[in-house]
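Enquirer: everything below, folded, please.
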Amino acid sequence: MSEDLNQLRSAIDNLDNEILQALAKRMKLSDQVISAKNGTAAFRPGREATLVRQLVINSKANGQDLSPAVILGVWRQIMAASLSRQNGDLAFAVHEMVMPAAAWHVGSALVSTSFNQMTPLLDAVVSGQCRYGLVPANHDIEALLAALDQHRHLSIIARTPLYDMPSLHPAYIVADYLPDPSGDDISLFAVPATDGFALKMIDGHYGNDDVVDPPANLPPDARLVGIYAR
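Expert: From the prediction side, this is the model:
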């Protein structure tokens with residue numbers, strides 16, 4: 001039994017070394033992406049969601065016993081490490097309610113400033129103090145929409161985690177651009193109401209150039225405030 005155990009441990013060690021070498025190769029390719037992007041934003045949540053979904057599909061097709069949450073967790077850290085190499089400015093303005101989600105999403109590369117109100121949080125993104133904002137996805141939405149109305153060049157670009165996890169409060173990521181289409185997206189619209197704004201979720205990526213008209217079931221004064229992959 002001891003000999004068999006040693007052989008298994010040796011096989012795991014060899015596999016770990018192969019994984020390490022593959023990660024190093026991936027990071028080198030990631031470095032090459034920096035120049036190819038020509039200054040565009042390094043964090044592309046639509047592309048990341050497409051990648052993770054395809055990995056889940058491949059895992060199921062190959063009969064592998066890996067849950068989507070496990071695949072997402074492993075690749076989330078790989079993508080965060082890659083992002084930190086491409087974009088050294090990973091400062092996040094984080095609502096205190098979703099600090100665990102920020103740590104999970106960005107990993108060891110996270111540099112954060114904590115806030116407990118929406119407006120000063122987004123002010124930190126607008127001023128350049130932080131590159132991204134992270135806010136609760138299902139708490140105080142009225143305050144979030146009001147703050148986004150004050151800073152109309154900011155948008156919700158992602159919802160994290162991609163798959164719900166009981167231990168993490170879901171969060172929206174806010175930045176000054178819209179995400180790429182992922183193939184399965186939700187567009188978010190702020191609809192004026194008597195006491196502020198209401199949030200309306202519509203299937204599809206209404207930030208696409210080929211989608212010009214707003215959804216027919218929305219009032220004409222509804223405003224696109226974000227898109228996220230689901």
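Enquirer: strands along this structure, start to end?
Expert: With strands called from DSSP state E, the chain shows them at 91-95, 111-115, 132-136, 155-160, 171-175, 185-193, 196-203, 223-229.
Enquirer: need those strands in CSV (columns: mean pLDDT and mean neighbour count).
Expert: No exception for glycine: its C-beta is placed from N, CA and C like everyone else's. Output for the strands of the chain, formatted as CSV (pLDDT from 0 to 100; neighbours: other Cβ atoms under 10 Å):
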stretch, mean pLDDT, mean neighbour count
strand 91-95, 95, 24
strand 111-115, 94, 15
strand 132-136, 97, 25
strand 155-160, 97, 24
strand 171-175, 97, 25
strand 185-193, 94, 19
strand 196-203, 93, 15
strand 223-229, 95, 22
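Enquirer: out of the ones you listed, which gets nearest to I57?
Expert: When those are compared by Cβ to Cβ, strand 223-229 sits nearest I57, at 14.8 Å.
Enquirer: how many other residues sit next to the closest residue to W104 other than its chain neighbours?
Expert: The shortest distance from W104 to any non-neighbouring residue, by Cβ to Cβ, 6 or more residues apart in numbering, is to L168 (5.9 Å). Number of residues near L168 (other Cβ atoms under 10 Å) recorded here: 16.
Enquirer: still on that earlier bit, make CSV out of the strands of the chain and add distance to A80.
Expert: CSV is the format used below for the strands of the chain (distance: least, Cβ to Cβ, whole Å):
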stretch, distance to A80
strand 91-95, 11
strand 111-115, 12
strand 132-136, 12
strand 155-160, 11
strand 171-175, 12
strand 185-193, 21
strand 196-203, 27
strand 223-229, 16
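Enquirer: now E142. Nearest residue, chain neighbours left out?
Expert: Nearest to E142 is G196, by Cβ to Cβ, 6+ apart, at 5.0 Å.
Enquirer: if we can go back for a sec, out of the strands of the chain, which gets nearest to V52?
Expert: Of the strands of the chain, nearest to V52 by Cβ to Cβ is strand 223-229, at 9.0 Å.
Enquirer: residue contacts, the residue nearest to W104?
Expert: With contact set as Cβ atoms under 8 Å, 6 or more residues apart in numbering, L168 has these partners: P100, A101, W104, P161.
Enquirer: what's the domain layout of the chain?
Expert: For the chain, the structural domains run 1-34, 43-229, going by automatic domain parsing.
Enquirer: identify the bridge partners of the residue lying closest to P45 once chain neighbours are set aside.
Expert: Excluding its sequence neighbours, the residue lying closest to P45 (Cβ to Cβ, 6+ apart) is A158, at 3.7 Å. A158 has the following beta-bridge partners by DSSP bridges: I173.
Enquirer: ok, now P136?
Expert: Applying DSSP bridges, one finds that P136 bridges with A171.
Enquirer: and what of K200?
Expert: F189.
Enquirer: list the residues that contact it.
Expert: L188, F189, A190, V191, L218, A222.
Enquirer: V191 is in contact with the fifth one, correct?
Expert: When you say that, I think you mean L218. Yes: shown here, L218 and V191 form a contact pair, counting by Cβ atoms under 8 Å, at 6.6 Å.
Enquirer: tell me the one of the contacts of L168 nearest I141?
Expert: A101 (16.2 Å).
Enquirer: tell me the spacing between the closest residue in space to that closest one that isn't next to it in sequence and R223.
Expert: Leaving aside its chain neighbours, A101 sits nearest to A171 (4.4 Å; criterion: Cβ to Cβ, 6+ apart). From A171 across to R223, the span is 21 Å (Cβ to Cβ, to the nearest Å).
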